[in-house]
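Enquirer: Give me a 3D structure for the following:
(one chain, ligands or ions: 1)
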Amino acid sequence: MSIMVPSKTPALITPGRQALDSALHQLGQAAEHLGLDDGLRTMLATPRRSLTVSVPVRREDGRLDVVQGFRVQHNVSRGPAKGGLRFHPSTDLHEVTALAMWMTWKCALAGIPYGGAKGGVAVDPAGLTTRELERVTRRYVSEILPLIGPEKDIPAPDVGTDEQTMAWIMDTYSVSAGYSVPGVVTGKPITLGGSLGRAGATSRGVQIAALSALGRSPEGVTVAVQGFGKVGALAAQYLADAGCKVVAVSDLTGAVYCAGGLDVSRLRTWAAETGGVRGYRHADALSHGDLFELDVDVLIPAALEGAITEANAPRIRARLIVEGANGPTTPEADEILAANGTVVVPDILANAGGVIVSYLEWVQNMQAYSWSSGEVEAKLHDLIENAFSEVKSLAAARGLTLRQAAHVIGVGRVAEAHQMRGLYP
Ligand code: GLU
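Expert: Alright, predicted model coming up:
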């Protein structure tokens, strides 16, 4: 089946195409394991809806720019499409499709009643003023308006977007509806119906998954974190709070190392004040590449796709990798890591805390009710820990890696939903 075969022409392999190839490879392996027929495999390999839009944006100096925007709904068999919105200059339709597919398996694995979606706008948010960013957001939303809604497709923050972006989306949608519709997005500010615990949910999930995978006391466990942004910085904080020793972190500005353990909250303050970790005085500088090769117990890639490839995988010494990012490890790297005995807690499990609390936020919105942070946190713990133990048991029973087992469960649930619903007409 040609759709399952990764493209081979190097000149055409963009990072987005690489991500989609990885996602299709993982789907292919799970489909093989589940014995799915060709028709169903093609269904699952193909997004239900993909929309590309041109977003005109008026710059402060009066110029008109046009940027590309995307929204892909990969699957809606188990419920409304769900997934983040990414603002990044190199996002493209391939990348957004891969990310939407991973959302489908992630929601199915977590047992929450959603399909998978993702959105992207090819802009660098750091290069826009707040007003320009608001105009891009509102215009993009107006272009994809027919696709989204609390029962149809619910965006959330991802790389380059935040609760302010969600507030603008909620407002744009609500103005068009004629009344407030908080359930159209998650990851909103609390004052607009956001959930307690959503801001740190992905990082909390990474912490829970890491501690479950360690299976021993976190005291003194050494950790390196690639990406000190929304997910990585708080994951580092939560792991440090649990007793781990976070020895290295990196972001776009640089990487820092301290053998005795970084003071993560001090480093977060430094990064917030100066725009990044570079120049932090209580640690040594490190190269981006060296961070991956540190002799640590746990490595957390928490930035973009394709961070761990066949080029650096052979030199990784961490015993455990917990994927805070989506798609950070290529299939070639996966094989090398498995052969070296490195355990990888895959993205669709390790970073599911974000969409789990998004689901809890949406349920609260639909009921016009709100839960305490303790209730939210307890539900998050239950859902991640259940998913983790299901993945671990299946991996042990069938001799699979955790990623393979996670995909077998996620893909299997979606396939079953397809089969039970049947095909219309
Ligand atoms: N962008 C996050 C993810 O990749 C969260 C998605 C959501 O909450 O809908 O999982």
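Enquirer: need the contact list for I348.
Expert: I348 is in contact with W102, W105, K106, L109, A406, H407, G410, counting by C-beta atoms under 8 Å, 6 or more residues apart in numbering. C-beta: built from backbone N, CA, C; applies to glycine.
Enquirer: Name the nearest residue to the residue of the chain found nearest the ligand, sequence neighbours excluded.
Expert: Closest contact between the chain and the ligand, by C-beta to the nearest ligand atom, is at G84 (2.7 Å). Excluding the flanking residues, the one nearest G84 by C-beta to C-beta, 6 or more residues apart in numbering is D158, at 2.9 Å.
Enquirer: Can you give me every residue that contacts that neighbour?
Expert: Taking C-beta under 8 Å, 6+ apart as the definition, contacts of D158 comprise G83, G84, L85, R86, L99, K118, G119.
Enquirer: V55 too?
Expert: V66, V67, Q68, G69, V121, V136, R139, Y140, E143.
Enquirer: need the contacts of D158 in a markdown table with pLDDT, can you?
Expert: Output for those, formatted as a markdown table (pLDDT from 0 to 100):
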| residue | pLDDT |
| --- | --- |
| G83 | 98 |
| G84 | 98 |
| L85 | 98 |
| R86 | 98 |
| L99 | 98 |
| K118 | 98 |
| G119 | 98 |
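Enquirer: which one of those residues has the most neighbours?
Expert: G83 (33 neighbours; other C-beta atoms under 10 Å).
Enquirer: Please identify which helix or strand holds it.
Expert: Assigned by DSSP states H and E, G83 belongs to strand 81-87.
Enquirer: In contact with E375: list those residues for me.
Expert: By C-beta under 8 Å, 6+ apart, E375 has no neighbours at all.
Enquirer: let me fix that: E310
Expert: T330, E332, A333, I336.
Enquirer: Which one of the residues you listed is nearest to D61?
Expert: Using C-beta to C-beta, T330 comes nearest to D61 of those, at 40.9 Å.
Enquirer: Apart from its chain neighbours, what residue comes closest to that closest one?
Expert: Nearest one to T330, counting by C-beta to C-beta, 6+ apart, is T309 at 4.9 Å.
Enquirer: related to what we said a few turns ago, mind checking which of the contacts of I348 land in helices?
Expert: Using DSSP state H, the members of these that fall within helices are W102, W105, K106, L109, A406, H407, G410.
Enquirer: Looks like the first one contacts E323 (just checking).
Expert: No: at 10.5 Å, W102 and E323 do not qualify as touching, with contact defined as C-beta atoms under 8 Å.
Enquirer: Looking at the two, which one has more neighbours?
Expert: Using other C-beta under 10 Å, the more surrounded residue of W102 and E323 is W102, with 28 against 25.
Enquirer: what's near enough to touch that one?
Expert: Applying C-beta under 8 Å, 6+ apart, the residues near W102 are A23, G116, N326, G327, D347, I348.
Enquirer: surely T202 meets G354?
Expert: Yes: T202 lies in contact with G354 (C-beta under 8 Å); the separation is 3.6 Å.
Enquirer: which neighbours do the two share?
Expert: In contact with both T202 and G354: V231, using C-beta under 8 Å, 6+ apart.
Enquirer: For the top helix by length along the chain, what is the distance to the chain centroid?
Expert: Looking across the chain with DSSP H, the single longest helix is helix 373-398. With C-alpha atoms, centre = their mean, to the nearest Å as the basis, helix 373-398 stands 17 Å off its chain's centre.
Enquirer: can you check stretch 216-223 too?
Expert: With C-alpha atoms, centre = their mean, you get 25 Å for stretch 216-223.
Enquirer: Restricting to C-alpha, output that stretch in PDB.
Expert: The C-alpha trace of stretch 216-223 is given here as PDB (Å, rounded to 0.1, in the frame of the first residue of the first chain):
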ATOM      1  CA  ARG A 216      12.000   3.500  42.300                       C
ATOM      2  CA  SER A 217      12.500   6.500  44.600                       C
ATOM      3  CA  PRO A 218      13.100   9.700  42.600                       C
ATOM      4  CA  GLU A 219      15.600  10.800  45.200                       C
ATOM      5  CA  GLY A 220      18.900  11.700  43.400                       C
ATOM      6  CA  VAL A 221      17.700  10.500  40.000                       C
ATOM      7  CA  THR A 222      19.500  12.600  37.400                       C
ATOM      8  CA  VAL A 223      17.500  14.300  34.600                       C
END
